[in-house]
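Engineer: Build me a structure from this.
(one chain, ligands or ions: 2)
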Amino acid sequence: MQGTELGALKGVGKARLQALQSAGIADLQGLLLRFPREYLYFEEPRPLRGVTLGEKNLVRAKLLRLRTGYAKGRAITTAQLRDESGELEAVWFNQPYLQKQLEPGEEGFFYGYALKDAAGKVRLSNPLRFAPTESGILPLYAPLEGLPQKTYRSLVRQALELCRVEEILPDFVLQQFRLPTAAESLANVHFPADRAALTAALSRAGLEELLLFQLAALSSQEKETGGQAMAAGKALVQPFLDALGFPLTGAQSRVLGEILADMESDRPMARLVEGDVGCGKTALALAALYVAAQNGFQGALMAPTEVLAAQHYQGAKALLEPLGVRVGLLTGSTKARERRMLLESLENGWVDVLVGTHALISEGVRYHRLGLVVTDEQHRFGVRQRTRLAQKGLSPHVLVMSATPIPRTLALVLYADLSLSVVDELPPGRKPVTTRLVPESKREGLYGFLDAEMGRGRQVYVICPLVEETDELDAANAEQTFGDLQRRLPDRRVALLHGRMAGPQKEAVLQAFAAGQIDALVSTTVIEVGVNVPNATIMVIQNAERFGLAQLHQLRGRVGRGQEQSWCFLLGESSERLRFLCSTTDGFAVAQKDLELRGPGDFLGVRQHGLLDKNLLALAGDVGLLRTARDLAARVLEDPEDPQNARLLDYAKGYMQDKGFVFQPN
Ligand code: ADP
Ligand code: MG
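Structural biologist: Residues are numbered from 1 along each chain as shown. Ligands and ions are numbered 1, 2, ... in the order given. The predicted structure is shown next:
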């Protein structure tokens, strides 16, 4: 595809150019490769009485009564919708102008989440509106400030006309799977002719993405050398193991052995450690960092969120500093002065282990002698980060700790460039968490139980889902629950944590919770990964149906970390998924089920930012596609000299460097 300028498009002035660029869209190609986030099928609206709770629904209805009221400074506009099947309420927040725009009696399409309000009534939340004359399939893109969908679509349409799309898939692939050509598929992704054409286009895109990814990963694997061979014998780690305070489990010992063997080699380690929540991956990470330090190398420990980074920092400091390893913390909210000092220490080799967020490998962070990078991943650390480090003249060992158990089929594709270690054993003495579904009608009783447990000194998490698609409304949602809990449990110390709070503020709340100064912590999913407070024994998850299974399992893993019996309560509608979660505490079983039920896209619980994340995970709608991509990649690599294969391989290489994974701040 030719990389042509965005400025060539009609309707793109300075402001819109900027809006596009700040969304990471650099040229027409970038525009075309940004796929719609979802599609509306106007021929298939759902009846009002048949909406699916917890999902987005498209309905076609007549608008009846309309009113706007105010609560806590927010405008709340409600309308009654009616179709042949019955009635349903629609509600809009903070859009008081709707009172004037909407006309009782008018018909149209409405599209939004069907959610229960606090009283248990199902409503359509913040629905988008469309004229009743709409037909066919409409693509919806992730919203961009200053660029309404309609404008955006016109830009995409122009780009399609201006660009010539090259075919990169070898003929044998196209034929074997009867795939549409690149041009045909791109056109149908943005402006689907019909459902069949769209499905074919998306399968092609998904397969192409997976294939490129797989090829890039496989072909980058072989060449790397120039790593740092370290001494990593048993005697060397022993002081660390002695300081740890517990013996490693058998699985931990075996995996540590695999890690240390890698570190002894001069080929840079690229290893993924996965295991169920609470299996003790942190200790392994710290052991590896300790070994690197003993060899005179620096280590970086990266966490996906500031909260987690801070926690890792505390843990690393407590364990490693008495052993003579100097630990520092660097995150986005580190003050400029402190940051300067820290960077200087780092460059001079006065810091051995630097803990932080993705900032750790960003520009301007220079290491004295970087030997090991450990990531407690959420977004993956892949070829691209390694390339970036290599460009800095570094080939550190890389250890990736997976935050969720991943079924083998998926791990083999997503982490094709990594060796795999599995920690398949939990530390002894853990009592399995008891999981129960609680219907909304039993909420009162649940609060009673919470109160009693808190009376015994136990602590509680209450998790609120991402209901609305903005931080602001999610925060509001959590705030509402927070207020509710405070009212109902006046004697208990209740605190709130959400993504809109500043880093230090979040940290303070978590620290207070960890110190037992808070009885109940109401939170959005910022605590999802890795937070460790053994005295917390109850996890309450609101609107559990809104979460992926893997994510629920991850949340459940926040409790059951101490000696006490722990509980996980799922508030919401009963479903196969939730009943399954109640039936097992085996993270790999949960992961496998999630993969089967929802496909790889939702499985990782990734909030999808980047192009690749989206295509790779969302479009690879079925497990079959993963296997197919693996098989195809193998066939291409069998005959790399073939001109079509060679071109594809070339493309895969450049592709990873241009558009590989980027860490996104949470
Ligand atoms: P995860 O694998 O989910 O990151 P963590 O590393 O946070 O799990 O470990 C969970 C808890 O288990 C921590 O409190 C940790 O100290 C403890 N732990 C880890 N390994 C062992 C072990 N071998 N014996 C006892 N407790 C352990
Ligand atoms: Mg962890």
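Engineer: Count the neighbours of the residue in the chain that ligand 1 sits nearest to for me.
Structural biologist: Proximity to ligand 1, evaluated over the chain using CB to the nearest ligand atom, is greatest for Gly280 at 2.7 Å. In this view, the C-beta of every residue, glycine as well, is placed from N, C-alpha and C. Using other CB atoms under 10 Å, Gly280 has 20 other residues around it.
Engineer: Dihedrals phi and psi, it?
Structural biologist: The phi/psi pair for Gly280 (degrees, to the nearest 10) reads phi 90, psi 50.
Engineer: Correct me if wrong: it contacts Pro427.
Structural biologist: Yes: look at Gly280 against Pro427 with CB atoms under 8 Å: they come within range, at 5.7 Å.
Engineer: which ones are touching Gly278?
Structural biologist: The contact partners of Gly278, by CB atoms under 8 Å, 6 or more residues apart in numbering, come to 426-427, 430, 557, 560-561.
Engineer: one step back: can you pull the residues that touch both of Gly280 and Pro427?
Structural biologist: Common neighbours of Gly280 and Pro427 (CB under 8 Å, 6+ apart) are Thr249.
Engineer: domain assignment for the protein?
Structural biologist: Listed domain ranges for the chain are 6-37+149-195, 44-134, 234-423, 434-584 (source: automatic domain parsing).
Engineer: got these as JSON lines, with mean pLDDT columns?
Structural biologist: Output for the domains of the chain, formatted as JSON lines (pLDDT from 0 to 100):
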{"stretch": "domain 6-37+149-195", "mean pLDDT": "89"}
{"stretch": "domain 44-134", "mean pLDDT": "91"}
{"stretch": "domain 234-423", "mean pLDDT": "87"}
{"stretch": "domain 434-584", "mean pLDDT": "86"}
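Engineer: Mind putting those domains into CSV with distance to Ala652?
Structural biologist: Below are the domains of the chain laid out as CSV (distance: least, CB to CB, whole Å):
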stretch, distance to Ala652
domain 6-37+149-195, 9
domain 44-134, 34
domain 234-423, 10
domain 434-584, 28
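Engineer: Tyr651: which of the ones you listed is closest?
Structural biologist: Closest of the domains of the chain to Tyr651 is domain 6-37+149-195, at 5.2 Å (criterion: CB to CB).
Engineer: centre of the chain versus that closest one, how much separation?
Structural biologist: Centroid separation for domain 6-37+149-195 versus its chain: 25 Å, with CA atoms, centre = their mean, to the nearest Å.
Engineer: just stretch 262-277 next, same as before
Structural biologist: So, by CA atoms, centre = their mean, the centroid of stretch 262-277 is 22 Å from its chain's centroid.
Engineer: Let's see it as PDB, backbone CA atoms only.
Structural biologist: Taking Å, rounded to 0.1, in the frame of the first residue of the first chain, the C-alpha atoms of stretch 262-277 are listed here in PDB:
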ATOM      1  CA  ASP A 262      18.800 -19.600  30.400                       C
ATOM      2  CA  MET A 263      20.700 -17.000  32.200                       C
ATOM      3  CA  GLU A 264      23.800 -19.100  32.100                       C
ATOM      4  CA  SER A 265      23.700 -19.100  28.400                       C
ATOM      5  CA  ASP A 266      25.000 -16.400  26.100                       C
ATOM      6  CA  ARG A 267      21.900 -16.500  24.100                       C
ATOM      7  CA  PRO A 268      19.500 -14.000  25.600                       C
ATOM      8  CA  MET A 269      16.700 -15.600  27.500                       C
ATOM      9  CA  ALA A 270      13.200 -15.100  26.100                       C
ATOM     10  CA  ARG A 271      11.000 -17.000  28.500                       C
ATOM     11  CA  LEU A 272       7.400 -16.900  29.400                       C
ATOM     12  CA  VAL A 273       6.400 -18.100  32.900                       C
ATOM     13  CA  GLU A 274       2.800 -18.800  33.300                       C
ATOM     14  CA  GLY A 275       0.800 -20.200  36.200                       C
ATOM     15  CA  ASP A 276      -2.400 -19.700  38.100                       C
ATOM     16  CA  VAL A 277      -3.000 -16.700  40.100                       C
END
